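K.L.:
structure for this input, please:
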Amino acid sequence: NRHSIMFRLLIAFLIVVMTFPTQADDRLIENFSSHPEMRWKFIADTVMGGISSGELKFNSERGETYARMTGNVSTENNGGFIQFRMKMFNPLPEEARGLRVVVRGNDQRYFIHLRTKGTFLPWQYYQAKFEVSKKWTEVLLPFRDFKASSALLKKTPYPGDLRSIGVVAFGRDHRAEVEVLEVSYF
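P.N.:
Numbering: from 1, shown residues only. Prediction:
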């Protein structure tokens, strides 16, 4: 019944709020502990007719949990991406200068896509690229290095306007394998 559904939604919401990662470093956005599947979702270009495919899993190694996205990116049928994305519920402070990600993967180029209050259309975002190697690497991505996907957007994303962060395999035919241990800001 309706009350049962509302009760279950309330419980799910409380689980997300109560288990959101906490750590002494208040610059942490995500360390994939405590039910990351409640915060992150996998999206492929199939939502617009593409044929890319993949999956998102959360694995543990040496007591640390990380996200692992694998798949095949195809530019056929006007496609060309797979991604996993998290909605931001709290704005970043205005003094935040960029994002810090700890990543590894299959020696390929990947992207972080940011959506803000000003990105209304599905194809609007801010994009910064990064390279991965087979070992965990810290990557710093200043907001000034994010490029707007459209001339209609502000030139640089404002930290307080961020609404989502996506890790994206994009733009060319390739096999994707990217892992993320941590997302924070600097």
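K.L.:
all helices for the protein, in order.
P.N.:
Using DSSP state H, the helices assigned to the chain run over residues 2-19.
K.L.:
in it, what secondary structure element scores lowest on mean pLDDT?
P.N.:
Among the helical and strand segments of the chain, the one scoring lowest on mean pLDDT, DSSP states H and E is helix 2-19, with a mean of 56.
K.L.:
now do the end-to-end distance for stretch 148-164.
P.N.:
15 Å (Cα to Cα, to the nearest Å).
K.L.:
do the same with stretch 54-71
P.N.:
4 Å.
K.L.:
again, but for stretch 69-86
P.N.:
Terminal residues of stretch 69-86 are spaced 14 Å apart (Cα to Cα).
K.L.:
would you confirm that A128 contacts F111?
P.N.:
Yes: using Cβ atoms under 8 Å, A128 is in contact with F111, at 6.6 Å. Any C-beta I mention is one placed from the backbone N, CA and C, and that applies to glycine too.
K.L.:
what sits against the spatially most central residue of the chain?
P.N.:
The residue lying closest to the centre of the chain (Cα atoms, centre = their mean) is G166, at 2.6 Å. Applying Cβ atoms under 8 Å, 6 or more residues apart in numbering to G166 gives the contacts 43, 83-86, 112-115, 125.
K.L.:
please produce CSV containing those, extended by neighbour count and pLDDT.
P.N.:
Output for the contacts of G166, formatted as CSV (neighbours: other Cβ atoms under 10 Å; pLDDT from 0 to 100):
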residue, neighbour count, pLDDT
I43, 16, 97
Q83, 27, 98
F84, 23, 98
R85, 17, 98
M86, 18, 98
I112, 25, 98
H113, 21, 98
L114, 23, 98
R115, 21, 97
Y125, 24, 97
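K.L.:
would CSV of those residues with distance to R175 be doable?
P.N.:
Converted to CSV, the contacts of G166 look like this (distance: Cβ to Cβ, whole Å):
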residue, distance to R175
I43, 18
Q83, 15
F84, 16
R85, 21
M86, 24
I112, 20
H113, 20
L114, 25
R115, 26
Y125, 23
